[in-house]
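Trainee: Model the following, please.
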Amino acid sequence: MNLFRTKTIEQSMADADEPGRKLKRSLSTWDLMIMGVAVAVGAGIFSVGAKAAANFSGPAVTISFAIAAVTCALAIMCYAEFATAIPVAGSAYVFTYATMGELLAWIIGWNLILELFTAGAVIAKYWGIYLSKVFALMGVDIPPSISLGGLDLYWGAFLIVAVFTVLLVLGTKLSARVGNIFTLIKIAVVLFVIVVGFSYVKFENYAPFVPASEPTGGTGTADVLKQSFFGFLTGAAPAQYGTLGIFAGAALVFFAFIGFDVVATSAEEVKNPQKTLPRGIFGGLAVVTVLYILVSLALTGMVSYTKLAEADNPTLTTAFEAVGNTDAAKVIAFGSLVGLTTVIMVLLMGLSRVVLAMSRDGLLPRSLSKTSATRATPVRLQIICGAGVALVAGLTNVDLLEEMINIGTLSAFVMVSLGILVLRKKRPDLKPAFRVPFGKVLPVVSAVLCLYLMTNLAVETWIFFAGWLVIGVIIYFSYGQRHSRLNEKFAVAKASVNGTSGRTAGGDAEPAMEPAVDDDEDALSRS
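Mentor: A predicted model of the protein is given here:
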């Protein structure tokens, strides 16, 4: 069945230039760097760090952020080498297709859809909630949801997704310009948080820096499902804090670094990608890492982690309210709203680009990959993605699946890290502009770290992930494998080698096509 057939780099590049399905190269290094910061500095910096400190790491959440940053940096090095060798849309999906074959590429593409779709829906829902909080601070009471036929409709999610869907339809460069403005605003808010937060720091709050491990006090099914998969496999009782707590915290705050693989999906829309991609990706990662570590130091120095643990849903606002600074809490609420805004935009763009790449290859309907002749954007696909994200965000309890974002991202990171080794062996003739240093060492370390962080996610996350993979495999064998353009070319090549001829619907023989023919799928289907 040729499940591990690969697609050549040359073919991927040729498909990216196919008339009616090509994107416009308009993004600069600055655009990419801002894009990375835009998608990373959002919910992560305002809430996830506080949750990790309260429930897993204590003051050592700073180490959790550092571990997550190092893991992300290693994986992003592999992304940068791939992206400069294959600068087309699709990111990890395209990279895996070129190295490990179609089935694994489908699985990674399916996981990227999980990551980007779930992240977009979760954050769109949070945006609507934060919007209501901002209105409340101004004395205007507007509920985040309205009742509609027995369902809670989060109207804010529909609003923000609709706005950015329209912007992305109008053009990637225009969307980037709007995103730049919002990103600069939220960086200013983050710097405000850091400066004001450090004025309240008490060094006794940093002790103990690594709290002693404590049992959670539960042994029921619910506690086991919330336990890390690593703890479950090793038979450890459900616990928090300690050394394992630092890694559990790292697995949680990894959510704050998911933006950089999304940046790689824009490779096809970047000017001079060999130089622009590495600079933009690493520049953005450096900025984000410094901001995260400074915020986590300010957070855990302001109040004891035990104080944060007393809150049902601890955030940066919790810390500022604990020290009596309600004015700063208002600024944070505004910053959270602005921060989430640009995250949604980049996720919507990344989602459409992954689906675009998969549909070009026939694994999803080819009609989805058509782009506008005037805007050079996938208008139909962008609207479909926006509508799907808005419906799930506005009508479901999607925030229960937050950790699914992390496991989808980490699985892609593992495959990309290993894929670099395969690419170097299969194509030693390639000379990408960026190459991961120290030979095989860093890609292997990256894969191991990502895999270990995956095992620190909850047992229930792995159960949901297994279910998602089963659905993906069913779709692949029922549709993708049969409609794959490579599948059609393999059939044509086999017929040519065997000296047989194709048959028309009426049974008349036609001359066999040469294996090299690769036009539209309609032409292929006639062979």
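
Trainee: secondary structure class for S147?
Mentor: Classification of S147 using DSSP: H, G, I helix; E, B strand; the rest coil returns strand.

Trainee: What distance do you get for it to R353?
Mentor: 36 Å (C-beta to C-beta, to the nearest Å). All C-beta spots, glycine's among them, are computed from the backbone N, C-alpha and C.

Trainee: between those two, which one's more packed in?
Mentor: Using other C-beta atoms under 10 Å as the criterion, S147 and R353 rank with R353 on top: 30 against 9.

Trainee: Wasn't that one part of a helix?
Mentor: Yes. Counting by three-state DSSP, R353 is located in a helix.

Trainee: surely it meets V263?
Mentor: No. In this structure, R353 is not within contact of V263 by C-beta atoms under 8 Å, at 10.8 Å.

Trainee: For the host helix or strand of A119, could you pull out the residues that count as buried?
Mentor: Assigned by DSSP states H and E, A119 belongs to helix 102-137. The neighbour-count check on helix 102-137 (16 or more other C-beta atoms under 10 Å) flags 102-134 as buried.

Trainee: tell me the average confidence for that helix?
Mentor: Average pLDDT, helix 102-137: 86.

Trainee: Which strands or helices does that helix pack on?
Mentor: helix 92-99, helix 155-170, helix 326-360, helix 379-395, helix 402-426, helix 459-475 (3 or more C-beta pairs under 8 Å, 6 or more residues apart in numbering; DSSP states H and E).

Trainee: How far away from the center of its chain is that helix?
Mentor: 8 Å (C-alpha atoms, centre = their mean, to the nearest Å).

Trainee: again with stretch 389-398
Mentor: Centre-to-centre, stretch 389-398 and its host chain are 18 Å apart (C-alpha atoms, centre = their mean).

Trainee: CA atoms only for that stretch - export them in PDB, please.
Mentor: The C-alpha trace of stretch 389-398 is given here as PDB (Å, rounded to 0.1, in the frame of the first residue of the first chain):
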ATOM      1  CA  VAL A 389     -13.000  27.400  15.400                       C
ATOM      2  CA  ALA A 390     -15.800  29.900  16.200                       C
ATOM      3  CA  LEU A 391     -18.500  27.200  16.500                       C
ATOM      4  CA  VAL A 392     -16.400  25.000  18.900                       C
ATOM      5  CA  ALA A 393     -15.200  28.000  20.900                       C
ATOM      6  CA  GLY A 394     -18.600  29.600  21.200                       C
ATOM      7  CA  LEU A 395     -20.700  26.500  21.900                       C
ATOM      8  CA  THR A 396     -18.600  23.900  23.700                       C
ATOM      9  CA  ASN A 397     -16.600  23.400  26.900                       C
ATOM     10  CA  VAL A 398     -13.400  23.300  24.800                       C
END
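
Trainee: what's near enough to touch A357?
Mentor: Counting by C-beta atoms under 8 Å, 6 or more residues apart in numbering, A357 makes contact with V88, A89, G90, S91, Y93, V94, G109, S369.

Trainee: right, and the first one touches V94 too?
Mentor: Yes. Under the criterion of C-beta under 8 Å, V88 lies in contact with V94, with a separation of 5.8 Å.

Trainee: Now for the two: what residues contact both?
Mentor: S12, A357.

Trainee: which of these two has more neighbours?
Mentor: V94 (32 against 27).

Trainee: surely the more buried one meets D15?
Mentor: No. Counting by C-beta under 8 Å, D15 is not a contact partner of V94; they are 9.6 Å apart.

Trainee: Mind picking the two most distant members of the contacts of A357?
Mentor: Between any two of those, the greatest separation by C-beta to C-beta is 15.5 Å, found for S91 and S369.

Trainee: who's more crowded, these two?
Mentor: Set side by side, S91 and S369 show more neighbours around S91, with 29 against 24, by other C-beta under 10 Å.

Trainee: in stretch 323-337, what's buried?
Mentor: Of the residues in stretch 323-337, those buried (16+ other C-beta under 10 Å) are V323, N325, A328, A329, K330, V331, I332, A333, F334, G335, S336, L337.

Trainee: Tell me the one of these nearest L3?
Mentor: Nearest member of these to L3, counting by C-beta to C-beta, is S336, at 44.6 Å.

Trainee: was I right about the closest one contacting Y130?
Mentor: Yes. Taking C-beta under 8 Å as the definition, S336 is a contact partner of Y130 at 4.9 Å.

Trainee: Is P211 in a helix, a strand, or coil?
Mentor: Assignment for P211 (three-state DSSP): coil.

Trainee: Give the residue spans of the stretch 351-500 of the chain that score low on pLDDT.
Mentor: 399-400, 489-500 (pLDDT under 70).

Trainee: any idea how far I293 is from N55?
Mentor: Counting by C-beta to C-beta, the gap from I293 to N55 is 19 Å.

Trainee: what's the answer for E115, then?
Mentor: 23 Å.

Trainee: next one: A298
Mentor: 19 Å.

Trainee: same check, this time on G109
Mentor: 33 Å.
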